[in-house]
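[1] Pasting the sequence and the predicted model now:
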Amino acid sequence: SRPTAQSVVMVARVCLAVCALFALASCVAGKANKFNIIHTTDVHGWVFGHPHNATLNADFGDFQSFLQHMAQNAQTAGEEFFVFDSGDIIEGTGLSDASQIHGQYIFPIFQNINYNGLTIGNHDIGHPQVIDLMEDGFIPFFNPANGTYPKYLTMNSFLLPSDSYIGQPYAVIDTPFGNRVLVLGFIYNFTHEANNTNVMPVSQALLQPAFQKAMAVPNVDVIVVIAHIAPQFPPELPQIYKAIRTAHADTPLALLVGHSHVTDFVQNDPNAFTLESGKYFEVIGNIQFSLGNDGSMQGLKTQWVDTSVDNLMTLSATTKTNFLTPQGAATKAAIWKAYAQLGLNITYGCAPQTFSPDTYFRASNSLYWLFIQEIFPHIILQGQPSDGIGFFLANPSTLRYSLFAGPVTRNDIYTISPFNDTFWHFPQLTGTNLNKLIKAIEYVTDLDDRHQERALCGAMYEGAPAWYYSETDIEDNQKYDLVLSTYDADTILPTVQKLFGSNVTPKPYDTDVNGTGAIQMYVEKFWPCSSN
């Protein structure tokens, strides 16, 4: 039968309502062809801006406001908009790590950001109590049982003893604009995960039913991989790329990665790219591309935007009067409430100059020189009875951030040393054996991959050593107590035992301070603020 006038009007009204709901300027023309993506990675607790860098003054309240404006702008223009994160949410600031469990103040802040996909980093998966905390609230928030699609994606990391995925292996996003986006999450072949988790090697995960099922999803327009994998270090990322291209030869593919703390871009093929977006919320990745009539990726534009409020206002076409949204203001208030609760503004002393972890060891402003040549002998070593001479060794990612001139706060201490590392030692090594050990560990490739767990590839200057250690003449027949963090003791143990036998093991070092507390004590003792 022919439709009545009344039914035609009703259908028209429904169509208009749908178009208005999604602001589809191209409603009649079909699905949107322009994609906008914002990417973060390796935030490491830096959700409150950068107190020592006035340019990077945006916090996650500003970021939330920015994303709300960007989403609205994209919707009005009939364009797709997505936000992804590639892991390492925690370990890097007091707000992240001064709490009883790392992340308990950070995870709720992240939940205020409308991410379309997140994955796990090595710092996130490194502690069993953090995993428990995430499973209690954070992951269920992003992967609700009644949600449209899961957002916390972990294709190759699992909970023990259940062997269930920490998150979900992949997600299929069917957008209001008619596109289908397949999203997968990975972590590199990390072997020092928490004892209640398991990381499956990527090559093995690519053979599992979940990956095969993901590759069989029909009518995919775009594939996004969010991966905590350094693109500079194969084999994992090439393996993922090859496996996807075997199933989807030319589907547009965005590999959004992290871990090495640098900004990096690679065009893998005409329809695929890899992008890494730095560290510490210093930059965000901004990506735009279109889909051609043949489904190909066209007009790709990428940039890294410094996280200043001015930059976020410019990108979102807002002003000071309308930028901060009510939700963003609430997140901003929650951040600073937590900051105050943890006492992160407490001042311990005043640094006479700025010390950097990224400069030459013997430079006057070297933070490693300060730590090894001053803090170790005056704070950590002080009062230790021993027949050996104290000798300190540290990996080049021990100190994570600069110590700035002027007041030194509790948060400043945690940004430098967030791990609360305890100290162990190999006692009574002869000078001859100590020299053998130093020579053996000069090359990272000689060590177990744990050395890369805390790597700050982007922070290292050209020619930087694989290890920093005490500046002293080593005499062959002298006895030395090699002091180092628990983390570093575990790292070099295989090398030590290979050189000197399996009976050589580290012992706890009898000191009352840890790595974080030692810096605080030094500042309090030697750098009091002037009363003037």
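    Happy to help now that I have it. Residues are numbered from 1 along each chain as shown.

[2] what about the helices in the stretch 201-350 of the chain?
    202-205, 209-215, 236-247, 309-316, 326-341 (DSSP state H, counting those that start in this stretch).

[3] Could you save those as JSON lines and add columns showing mean neighbour count, mean pLDDT and distance to Y165?
    C-betas here are computed from N, CA, C, even on glycine. Below are the helices of the stretch 201-350 of the chain laid out as JSON lines (neighbours: other C-beta atoms under 10 Å; pLDDT from 0 to 100; distance: least, C-beta to C-beta, whole Å):
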{"stretch": "helix 202-205", "mean neighbour count": "18", "mean pLDDT": "98", "distance to Y165": "10"}
{"stretch": "helix 209-215", "mean neighbour count": "16", "mean pLDDT": "98", "distance to Y165": "8"}
{"stretch": "helix 236-247", "mean neighbour count": "18", "mean pLDDT": "98", "distance to Y165": "17"}
{"stretch": "helix 309-316", "mean neighbour count": "18", "mean pLDDT": "98", "distance to Y165": "34"}
{"stretch": "helix 326-341", "mean neighbour count": "16", "mean pLDDT": "97", "distance to Y165": "29"}
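
[4] can you list the ones you listed in JSON lines and add distance to V47?
    JSON lines is the format used below for the helices of the stretch 201-350 of the chain (distance: least, C-beta to C-beta, whole Å):
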{"stretch": "helix 202-205", "distance to V47": "29"}
{"stretch": "helix 209-215", "distance to V47": "31"}
{"stretch": "helix 236-247", "distance to V47": "27"}
{"stretch": "helix 309-316", "distance to V47": "14"}
{"stretch": "helix 326-341", "distance to V47": "6"}
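
[5] Select, out of the ones you listed, the one closest to L434.
    Smallest distance to L434 across the helices of the stretch 201-350 of the chain (C-beta to C-beta): 35.6 Å, for helix 236-247.

[6] Let me know which of the helices of the stretch 201-350 of the chain is the nearest to F142.
    Short answer: helix 326-341, nearest of the helices of the stretch 201-350 of the chain by C-beta to C-beta, at 16.3 Å.

[7] Need the residues that contact the closest one.
    With contacts defined as C-beta atoms under 8 Å, 6 or more residues apart in numbering, helix 326-341 is touched by 47-48, 59-66, 68, 94-95, 105, 108-109, 112, 324, 345, 411.

[8] Apply 7 Å and report the result again.
    47-48, 59-62, 64-65, 68, 95, 105, 109, 112 (C-beta atoms under 7 Å, 6 or more residues apart in numbering).

[9] buried subset of those residues?
    The neighbour-count test (16 or more other C-beta atoms under 10 Å) marks 47-48, 59-62, 64-65, 68, 95, 105, 109, 112 as buried among the contacts of helix 326-341.

[10] Let's have the residues you listed in JSON lines, adding secondary structure and pLDDT.
    Shown next, in JSON lines, are the buried ones among the contacts of helix 326-341 (DSSP: H, G, I helix; E, B strand; the rest coil; pLDDT from 0 to 100):
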{"residue": "V47", "secondary structure": "coil", "pLDDT": "98"}
{"residue": "F48", "secondary structure": "coil", "pLDDT": "96"}
{"residue": "D59", "secondary structure": "coil", "pLDDT": "98"}
{"residue": "F60", "secondary structure": "helix", "pLDDT": "98"}
{"residue": "G61", "secondary structure": "helix", "pLDDT": "98"}
{"residue": "D62", "secondary structure": "helix", "pLDDT": "98"}
{"residue": "Q64", "secondary structure": "helix", "pLDDT": "98"}
{"residue": "S65", "secondary structure": "helix", "pLDDT": "98"}
{"residue": "Q68", "secondary structure": "helix", "pLDDT": "98"}
{"residue": "L95", "secondary structure": "helix", "pLDDT": "96"}
{"residue": "Y105", "secondary structure": "coil", "pLDDT": "96"}
{"residue": "I109", "secondary structure": "helix", "pLDDT": "97"}
{"residue": "N112", "secondary structure": "coil", "pLDDT": "98"}
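
[11] sorry, back to before: out of the helices of the stretch 201-350 of the chain, nearest to N293?
    Once those are compared by C-beta to C-beta, helix 236-247 is nearest, at 21.8 Å.

[12] where's P176 relative to E80, distance?
    Applying C-beta to C-beta, to the nearest Å, the value for P176 to E80 is 9 Å.

[13] which of these two has more neighbours?
    E80 (25 against 14; other C-beta atoms under 10 Å).

[14] Identify the residue spatially nearest to that one, adjacent ones excluded.
    F35 (4.6 Å; C-beta to C-beta, 6 or more residues apart in numbering).

[15] which one of the contacts of helix 326-341 is nearest F289?
    Nearest member of the contacts of helix 326-341 to F289, counting by C-beta to C-beta, is Q68, at 22.5 Å.

[16] show me what contacts the closest one?
    T325, Q327.

[17] And for T119?
    By C-beta under 7 Å, 6+ apart, the neighbours of T119 are S86, G87, L153, T154, G185, F186, I187, I226, A227, H228.

[18] Help me confirm that the fifth one is found in a strand?
    Yes: the assignment for G185 (DSSP: H, G, I helix; E, B strand; the rest coil) places it in a strand.

[19] how about low-confidence regions in this protein?
    1-30, 382-387, 443-464, 531-532 (pLDDT under 70).

[20] secondary structure class for F82?
    Taking three-state DSSP, the label given to F82 is strand.

[21] Okay, and the beta partners of it?
    I37 (DSSP bridges).

[22] My guess is it contacts N114. True?
    No: here F82 does not reach N114: they are 9.8 Å apart, not a contact under C-beta atoms under 7 Å.

[23] Those two - which one has more neighbours?
    F82 (24 against 14).

[24] and that one, how far is that from T40?
    On the measure of C-beta to C-beta, F82 and T40 end up 12 Å apart.

[25] How about Q100?
    For Q100 relative to T40 (C-beta to C-beta), the value is 26 Å.

[26] Equivalent analysis for N198, please.
    For N198, the distance to T40 - C-beta to C-beta - is 26 Å.

[27] more crowded one of these two?
    The residue with more neighbours, out of N198 and T40, is T40; 27 against 16, by other C-beta under 10 Å.

[28] wait, what's in contact with the more buried one?
    With C-beta under 7 Å, 6+ apart, T40 has these contacts: D85, S277, F281, I284.

[29] Return the subset of those lying in strands.
    Among the contacts of T40, the residues falling in strands (DSSP state E) are D85, S277, I284.

[30] what residues are up against the most centrally placed residue in the chain?
    Most central residue of the chain, judged by C-alpha distance to the mean C-alpha position with C-alpha atoms, centre = their mean, is D42 at 1.9 Å. Residues counted as contacts of D42 (C-beta under 7 Å, 6+ apart) are D88, G258, H259, H261, K279, Y280.

[31] Great, nothing more from me.
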